[in-house]
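*Asks:* Based on what follows, work out the 3D shape:
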Amino acid sequence: MGVAGRLVSFVLDAGASLRGAAGILTLLAPMSAPHWTTGRPWLLRIGLAAWTRPKTIAADWVWMIDHSIQIGRCKCLVILGVRLSDLPEDRPLSHSDMEPIALAPMTDSTKRAVADCLEEAAARTGPPRVILDDHGADLHGGVEIFRAGRPEAIELYDAKHKAACLLKPRLKKDERWERYARGLGRAKFAPQQTELAFLSDFFLGVSLDCWTWYPLWRNQPIRSFGRTARVPV
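*Replies:* Numbers count the residues shown, from 1 in each chain. This next block holds a predicted model:
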């Protein structure tokens, strides 16, 4: 395996960052190790190949659709797919199981624009069996238009967003939650454009998960080893 293959493997298989992968190569082969920025186009080429390669036409595709975080006036509609016949049975779904179906930049995301993108994706894989989304107005509206002539396609509500909608009425009057949410908003943007930017989404996700489950636990009995306890408020 050459230098390019080693760096890409460290990132994709071992979960190393580009800087970390380049640092490992520097330790192993100081004279031939590339700068970490050299690895970025290598990874982009792999992603481009995965996106543009022909897809299998089948009736058991599951599409997961969502928008990227908007930067400026543009955001991207992303469609990832996995076939029901390929779903793992003994482990959670991972990125390596997914197939990139579509990546559509949008400055004005409407349900019509989403439906058009779904039509283009269907030409590559065939109509999907399941479409998973967060029921945002543009996504849900686009899926409804797409499904109008395809009753066999099922739309499913993303469980994480559904749970958030159910919890919102319970949390919105909690002053501690309001303070915490404001603090998270500030913390999310603070490390951007710094060397700690890669930690932003990780810590935000962990913090939100802790608060998501806390209202379900507090003042609820927890049984363990024959004893009953309550999580304090």
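*Asks:* how about Lys75, what does it touch?
*Replies:* Counting by Cβ atoms under 8 Å, 6 or more residues apart in numbering, Lys75 touches His67, Ser68, Ile69, Pro105, Met106, Ser109. Every residue, glycine included, has its C-beta placed from N, CA and C.
*Asks:* just checking, it is part of a strand?
*Replies:* Yes: under DSSP: H, G, I helix; E, B strand; the rest coil, Lys75 sits within a strand.
*Asks:* re the thing from before, now, which of the contacts of Lys75 sits nearest Pro128?
*Replies:* Closest approach to Pro128 among the contacts of Lys75 (Cβ to Cβ): His67, at 18.1 Å.
*Asks:* picking up where we left off before, name the member of the contacts of Lys75 with the most neighbours.
*Replies:* Within those, Ser109 tops the neighbour count with 21 neighbours, counted by other Cβ atoms under 10 Å.
*Asks:* Give the helix, strand or coil label for it.
*Replies:* Of the three states, Ser109 takes coil under three-state DSSP.
*Asks:* can I assume it is in contact with Asp66?
*Replies:* No: the criterion here is Cβ atoms under 8 Å, and Ser109 misses it with Asp66 at 11.2 Å.
*Asks:* and for those two, which residues touch both?
*Replies:* With Cβ under 8 Å, 6+ apart, Ser109 and Asp66 have common neighbours Leu77.
*Asks:* one step back: out of the contacts of Lys75, which comes closest to Asp90?
*Replies:* Checking the contacts of Lys75 against Asp90 with Cβ to Cβ, the nearest one is Ser68 at 31.0 Å.
*Asks:* show me the contacts for the nearest residue to that closest one once chain neighbours are set aside.
*Replies:* Counting by Cβ to Cβ, 6 or more residues apart in numbering, Ser68 lies nearest to Cys76, which is 4.3 Å off, once chain neighbours are set aside. Cys76 makes contact with His67, Ser68, Leu103, Ala104, Pro105, Met106, according to Cβ under 8 Å, 6+ apart.
*Asks:* Figure out how far the helix or strand where Leu184 lies is from the centre of its chain.
*Replies:* Per DSSP states H and E: Leu184 is located in helix 175-189. Relative to the centre of its chain, helix 175-189 is centred 22 Å away, using Cα atoms, centre = their mean, to the nearest Å.
*Asks:* With stretch 144-151 instead?
*Replies:* For stretch 144-151, the distance to the chain centre is 25 Å (Cα atoms, centre = their mean).
*Asks:* now what about that stretch, what contacts it?
*Replies:* Lys111, Arg112, Val114, Ala115, Leu118, Glu119, Ala122, Pro127, Ile131, Ala153, Glu155.
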